[in-house]
Structures are given as C-alpha cells and as structure tokens.
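Colleague: need coordinates for the below:
(4 chains)
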Number of protein chains: 2
Amino acid sequence: MSRKTLEQAGICPVATTINLLSSKWKILIMRDLLTGKKRYSELKTSVVGVSQKMLTQSLRELTADEIVDRTVYPEVPPRVEYSLTPLGESMRPVIDAMADWGSEYLATHPQAMPKNEGDQ
Amino acid sequence: MSRKTLEQAGICPVATTINLLSSKWKILIMRDLLTGKKRYSELKTSVVGVSQKMLTQSLRELTADEIVDRTVYPEVPPRVEYSLTPLGESMRPVIDAMADWGSEYLATHPQAMPKNEGDQ
DNA sequence: CGGGATCCTAGCTGATACTG
DNA sequence: CAGTATCAGCTAGGATCCCG
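Modeller: Residues are numbered from 1 along each chain as shown, chains lettered A, B, ... in the order given. Alright, predicted model coming up:
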C-alpha cells in the first residue's frame, strides 16, 4: 500500500510532480475530473482499462494528497462524487500540456503507435 | 519487453502522451536531456535512483519512439551520447509544466511529502 | 564505459464473491 | 452504488554478475 517516493522529490520540481501524479491512471483520472465532478462508476467507465482496484487505490491516494475531493451523499443507494481540490485544479496546465502535445503528435504522426511493438 | 499500450491512445491525446512518456524514469531522463546531450553514465548519476536495467530499457524505448537520439563514438573506451530529437524537444512544454507546478507546490507546501506514508 | 543476461520479488490485472 | 476481500497469474522493476 505504500508508494515509492523518488529520492529527489523535495529537491527537483519535476520529481515532485511525478511523485504526486505517479501513475498513468492518476493522470487519466485528473483528465476526466478537469471537466467536472464525476461519480465512481462514471470514472470506471471513462478511464478505459482501469481495474476497480486501481481506480479505488488511485482515488484514495489522490484524496490523501489533497488533489481530489471525495463527497459522500448519505442516500440509498449511496452516491459518491469525486472532484478536484484547488490544488488539483492547479494542475490543469500540466494535463493541458500533455493534451496539447498528444494532439499535435496524433496530427503529425498519422497512425503512429509505439514502435517497440507488441502488446494486445 | 513489450509495453502496454493504453487502449485510448490514438483517441485521447493525454493517453497518447502517457503512452510515450510511460514511466517516471523517462520523464526524468527527458528533464536531464533538455539541458543538453548526456552520456550514459551521466544519466545514471543524474537520474537518481534509476537502475541500470531501467535506464537502458527506457533509453531504448525513447530511441525507438524517436524521442531520443543515440550516438555511438567508436573509441576505446566506448562513448555513447544521448540527446533529444526534434520530437523530443517538442515535449519541453510538458516537462516545463511539470517543473512549474512542482516548484509552486514545493514553495507553498513547506515540507510536504506524500501522506500515504512509508516507503523505502 | 555501456551495457547484456539472470534471478527474484513487489505490484498489477482479472475474476469472483460479499457488504453497507 | 461504491466499494472491500481474495486468489491466481503475469509482468515491471531492483539487484547482481558478467562481458566486449
């Protein structure tokens, strides 16, 4: 359950950011939350390929790091909504930069996909 | 040796970027190459905590994806230099955004480090 | 110096079952 | 609905030893 902290976090700004956004799932979750609050089941669908275990774990870590807010509505059936905290919101430029680069890449590299080949 | 490709890469720009910058090591390598070409041993030192295996593997994948250039000087002892390709250079805004966010975070969150505790 | 080859473990996926 | 729990199977990654 423990996360591995880069030794340079706290020294290098890039390492610090990586530390908090440490997995691909977290970044994809951020991408989706940047467009507004989402329910657990919505994220499960929109973050294509994520397992329920990793979604839960990622959300817990993001919440612990105060990047994501978790709101529980005491209803039946229960409803839980996830949204970005101000700190999470402040990461928008980071995700945007990735989106911009990805767009440009897709536009200029026709059907380019990893050259290292092979996977499902 | 195969990399896992996110199903959404090719559709979602963010997923596309993650796919090519798929590990923390690659990002840290990029950070270091953005300041100029580096030798293998220099990277081994500057990318604190990376294992030789992961450094080699990351460099190979970055090279295959044409983000990094690998130049071998046929000398004795051998010398190999790594540098960014134009495509790699174009990722500068992405790394910069991460650096900026990290700097701000470090400045506003005194000695903040992951709350999930424990590692290494 | 710049890796390649091995071994071994932590962590992820996927499936299934259960709960407040 | 939004999880928790568990277990098998695979793989990413760390450690170590070796080589041209």
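Colleague: C-alpha from now on. contacts and neighbour counts both.
Modeller: Will do.
Colleague: count the neighbours of the closest residue to DNA strand C within chain A for me.
Modeller: Nearest residue of chain A to DNA strand C: residue A:54, at 4.6 Å (CA to the nearest atom of the strand). Using other CA atoms under 10 Å in any protein chain shown, residue A:54 has 13 neighbouring residues.
Colleague: do the same with the one 4 residues further on
Modeller: Residues within reach of residue A:58, counting by other CA under 10 Å, total 20.
Colleague: tell me the contacts of it?
Modeller: A:25, A:26 (CA atoms under 8 Å, 6 or more residues apart in numbering or on different chains).
Colleague: next: residue A:25.
Modeller: Residue A:25 is in contact with A:47, A:50, A:54, A:55, A:58, counting by CA under 8 Å, 6+ apart.
Colleague: swap in residue A:91?
Modeller: residue B:101.
Colleague: interface residues of chain A facing DNA strand D?
Modeller: A:39-42, A:52-53, A:56-57, A:77-81 (CA under 7 Å from any atom of the strand).
Colleague: show me how to select, in PyMOL, the buried members of those.
Modeller: Buried subset of these, written as a PyMOL selection, criterion 16 or more other CA atoms under 10 Å in any protein chain shown:
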select buried, chain A and resi 40+81
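Colleague: nearest to residue A:14, of the residues of chain A next to DNA strand D?
Modeller: Distance to residue A:14 across those (CA to CA) is lowest for residue A:57, with 22.9 Å.
Colleague: now whichever strand or helix holds the closest one: average pLDDT?
Modeller: For residue A:57, the host element (DSSP states H and E) is helix A:52-64. Rounded to a whole number, the mean pLDDT of helix A:52-64 is 94.
Colleague: with stretch A:72-86 instead?
Modeller: Taken as a whole, stretch A:72-86 has a mean pLDDT of 92.
Colleague: hey, C-alpha coordinates of it in PDB?
Modeller: Taking C-alpha atoms only, stretch A:72-86 is exported to PDB below (Å, rounded to 0.1, in the frame of the first residue of the first chain):
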ATOM      1  CA  VAL A  72     -20.400  11.100   0.100                       C
ATOM      2  CA  TYR A  73     -24.100  11.700  -0.200                       C
ATOM      3  CA  PRO A  74     -25.900   9.700   2.600                       C
ATOM      4  CA  GLU A  75     -28.500   8.300   0.400                       C
ATOM      5  CA  VAL A  76     -29.800   4.900  -0.600                       C
ATOM      6  CA  PRO A  77     -28.400   3.800  -2.800                       C
ATOM      7  CA  PRO A  78     -25.200   5.600  -1.900                       C
ATOM      8  CA  ARG A  79     -23.600   8.200  -4.100                       C
ATOM      9  CA  VAL A  80     -20.000   9.300  -4.100                       C
ATOM     10  CA  GLU A  81     -18.700  12.200  -6.100                       C
ATOM     11  CA  TYR A  82     -15.100  13.000  -6.900                       C
ATOM     12  CA  SER A  83     -13.900  16.400  -7.800                       C
ATOM     13  CA  LEU A  84     -10.700  18.400  -7.900                       C
ATOM     14  CA  THR A  85      -9.500  20.400  -5.000                       C
ATOM     15  CA  PRO A  86      -7.900  23.900  -5.700                       C
END
